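Visitor: next one to model:
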Amino acid sequence: MHNWSGVRLGLVLTSPQIMIINKHIMRTTNEKQVLQQIVNAGPISRSQISRNLSLNKVTVSDIYSELLHEGLIREVGHGVSTRNGGRKPVMALLNVDYGFVLSINILRQRFTILTSRLDGKSQDYTSVSTSGVDLTTVLDMIEDHVNEVVDQHDNRLLGLSFGLDGMIYENQILDAALKGLKNFDLAKYFGDKFGVPVMLENLANQSAIFERDFAGEGVYENLVAITIRDQVNAGIVTNGHLYQGHRGEAGMIGKCPLADRYMEDNQQTVNHYVSETSVLKRIMEYQQLDRVDVNRIRRDYLGHDEALLRILDEFTYYLAKVLGNISSSFAPDAIILNAPILELLPELMDNVRGYVDKLAIPRKAPLLLTKNAKEASLMGGASTIIHKVLGLDDLQLTFRNERAVVLEQLES
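Guide: Numbers count the residues shown, from 1 in each chain. Prediction:
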């Protein structure tokens, strides 16, 4: 009788070989978990890591020493000794000076760049106009800005992330709102230039990652993040993991049909009714302007300008329809909106909630505005590339998780 336990593609492995491979897999898993503990719970001691992971102290100490030697972690002081007394434990943190990452969003008329440390804390935000500029020039401008940031830092660039409106699958752009990006290998283009890993994701998925990783551990295990820009898209997190669907098509709600408010036989897309581009176009037409004047929009809203209020009422009505469908379909812990128009006029959320309340749906998820509309997707992108460079793609990281720990300085 054949033993098939070690067969793969016609290769039969002996029992000692299988044991060696399994030992290697366990070692890799242990290393990831130890580093995850230091990122999420630091400052933390080796003994605490051992207890948290139920790993023996020798295994944890070996991994800890390797991470310390590599410079990926640093010792920051002594913790409090146990009730039984004894030596105070040495505490370790992720070494944020090991390197930095850059997250870049390519939008219709600008690109934005955020510099982040390995603990997710952002340092510098830059927005650059690309109005009237072709894609080749935009890529050159991004390269120049990345080089400027690299020159300004003493530590090294570890990775890049890119966010855009479109459909992305396995780090490739299958579709994009911005002409010229579809099927362009953006990851390889910048990976070759800077010699670092490059991760691509759409803006909605990045926003969902931000809400998951920066809200606090376990706050949102199931959420939908809606981004309203040139397109209306949804980023979906289920059981703590990003859901992308078939070839990255999950959340592409902007192209879905939506019945007209007054003539149900007449249908347009969600993008037609709800996208930022469509809404602002209507506002500029009524204001007889060729550019967006956010100050006037705010002033006219507070002044109860009837024409503006009608446009915004249409927007909130159709948005409520979309949110009601999502609430019923996915039953998330929360639906979080990232939309410049709602950031400018947060009072509109009352209108949206009011329309949702009138819908005959079994469950209405809490509707929230993101706490950081300008940088949310960029910070989600930072999280994605930090996971990659730390080798923790499949593990949960919780950023800005401040802990009050009593420390004493290490003796020199």
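Visitor: residue 233 and residue 254 touch, don't they?
Guide: Yes - at 6.0 Å, residue 233 counts as touching residue 254 under the criterion of Cβ atoms under 8 Å. The C-beta positions use only the backbone N, C-alpha and C, and glycine is treated the same way.
Visitor: and the spatially closest residue to residue 357 that is not a sequence neighbour, helix, strand or coil?
Guide: Nearest residue to residue 357, sequence neighbours excluded (Cβ to Cβ, 6 or more residues apart in numbering): residue 364, at 7.0 Å. Of the three states, residue 364 takes coil according to DSSP: H, G, I helix; E, B strand; the rest coil.
Visitor: let's see stretch 365-374 as PDB, backbone CA atoms only.
Guide: What follows is stretch 365-374 as a C-alpha-only set of coordinates in PDB (Å, rounded to 0.1, in the frame of the first residue of the first chain):
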ATOM      1  CA  ALA A 365     -26.200  49.100   9.800                       C
ATOM      2  CA  PRO A 366     -24.700  52.200  11.600                       C
ATOM      3  CA  LEU A 367     -23.700  54.900   9.100                       C
ATOM      4  CA  LEU A 368     -20.500  56.700  10.000                       C
ATOM      5  CA  LEU A 369     -18.200  59.200   8.400                       C
ATOM      6  CA  THR A 370     -14.500  58.300   8.300                       C
ATOM      7  CA  LYS A 371     -12.400  60.200  10.800                       C
ATOM      8  CA  ASN A 372      -9.700  61.000   8.200                       C
ATOM      9  CA  ALA A 373     -11.200  61.500   4.800                       C
ATOM     10  CA  LYS A 374      -8.000  63.100   3.300                       C
END
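Visitor: buried residues in it?
Guide: Buried residues in stretch 365-374, counted by 16 or more other Cβ atoms under 10 Å: 365, 367, 370, 372, 373.
Visitor: so, low pLDDT: which residues of the stretch 201-350 of the chain?
Guide: Residue ranges of the stretch 201-350 of the chain with pLDDT under 70: 218.
Visitor: can you give me the strands for it?
Guide: Along the stretch 201-350 of the chain, the segments classed as strands by DSSP state E, counting those that start in this stretch run 223-228, 232-238, 241-243, 257-259, 267-269, 334-338.
Visitor: the residue nearest to residue 357 reaches residue 356, doesn't it?
Guide: Yes - in this structure, residue 364 is within contact of residue 356 by Cβ under 8 Å, at 5.9 Å.
Visitor: these two - which one has more neighbours?
Guide: Legend: neighbour count by other Cβ atoms under 10 Å for residue 364 and residue 356, higher for residue 356 (21 against 15).
Visitor: please, which helix or strand holds the more buried one?
Guide: Per DSSP states H and E: residue 356 is located in helix 348-357.
Visitor: and the angle from that helix to strand 334-338?
Guide: Helix 348-357 runs at 140 degrees relative to strand 334-338, counting by axes from the mean of the first three to the mean of the last three Cα atoms, to 10 degrees.
Visitor: which elements pack onto the next helix or strand after helix 348-357?
Guide: Where DSSP H and E defines the elements, the next helix or strand beyond helix 348-357 is strand 367-369. For strand 367-369, the packing partners by 3 or more Cβ pairs under 8 Å, 6 or more residues apart in numbering; DSSP states H and E come out as strand 334-338, helix 348-357.
Visitor: ok, now with 6 Å
Guide: The contact analysis (3 or more Cβ pairs under 6 Å, 6 or more residues apart in numbering; DSSP states H and E) places strand 367-369 against strand 334-338.
Visitor: what strands line up against the strand it packs on, and which way round?
Guide: Strands that pair with strand 334-338, judged by DSSP bridges, come out as strand 223-228 (parallel), strand 367-369 (parallel).
Visitor: so what touches the shortest one?
Guide: It refers to strand 367-369. 334, 335, 336, 337, 342, 353 (Cβ atoms under 6 Å, 6 or more residues apart in numbering).
Visitor: so the first one touches residue 223, yeah?
Guide: Yep, that's residue 334 we're talking about. Yes - look at residue 334 against residue 223 with Cβ atoms under 6 Å: they come within range, at 5.4 Å.
Visitor: who has more neighbours out of the two?
Guide: Each of residue 334 and residue 223 has its neighbours counted (other Cβ under 10 Å); residue 223 has more, 25 against 17.
Visitor: ok, the more buried one - contacts?
Guide: By Cβ under 6 Å, 6+ apart, the contact set of residue 223 is 211, 237, 332, 333, 334.
Visitor: do you know how far it is from residue 240?
Guide: Remark: distance between residue 223 and residue 240 (Cβ to Cβ, to the nearest Å) = 10 Å.
Visitor: got it, and residue 154?
Guide: 35 Å.
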